[in-house]
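Participant: predicted model and sequence below, questions to follow.
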Amino acid sequence: MSNAPDFSPSLVPADTGPVYHAFGEEVQFHLTGSQTGGRLTLWTEIVPPGGGPPPHVHLNEDEWFVVKEGMFQFLVEGEWKEAPAGTTVFLPRKAIHTFKNTGKDTGKLLVATSPSGFETFFSRCAELFNPPNTPDMGRIAAIAAEHGIHFMD
């Protein structure tokens, strides 16, 4: 019996991963499930002032954030918490959460989910945000649900 992984090591040069635009944000993927054997997805999220998703829950993924630039707040266990640059946040699956860029400048987050799959969700949503389309938020919610992501009312 071998303990070797069922995927190869990856070295991804800077700025070579897929980039998507949706929800008013830019996301550049560094590692996707195809590179990690489905274990992890890693990306940088560029968030404009005031930006961030509505409160939601992931049924399938644990999620990590590292605030690289800017000032954010995270909704964690029902409370908003300040998260300046350098802050790390871990949110286990099924935890209701969100974040918001509370600074006056664009912010940057390094984000990871385990297992992988978020890249597929985001790329599907990005297709609906391509101009001149106005995204159908009902369709976005349906895609999210297919990926085990549910937005709170």
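Facilitator: On my side now, so go ahead.
Participant: for the top helix by length along the chain, list every residue counted as buried.
Facilitator: Criterion DSSP state H: the longest helix present in the chain is helix 118-129. Going by neighbour count (16 or more other CB atoms under 10 Å), the buried part of helix 118-129 is 118-119, 121-122, 124-126, 129. For the C-beta atoms, the positions are set from N, CA and C on the backbone; glycine is no exception.
Participant: in terms of model confidence, name the weakest of those.
Facilitator: Least confident by pLDDT among the buried residues of helix 118-129: that is Phe129, with 87.
Participant: who does the most centrally placed residue in the chain form a beta bridge with?
Facilitator: The residue lying closest to the centre of the chain (CA atoms, centre = their mean) is Val111, at 5.8 Å. Under DSSP bridges, the beta-bridge partners of Val111 are Trp43, Phe65.
Participant: can you pull out the helices in this protein?
Facilitator: Counting by DSSP H, the helices of the chain are 33-36, 118-129, 137-146.
Participant: show me what the last one is packed up against.
Facilitator: The reference is to helix 137-146. Under the contact criterion of 3 or more CB pairs under 8 Å, 6 or more residues apart in numbering; DSSP states H and E, helix 137-146 touches helix 118-129, strand 149-151.
Participant: output the below-cut-off pLDDT ranges for this structure.
Facilitator: 1-6, 133 (pLDDT under 70).
Participant: nothing else from me, thank you.
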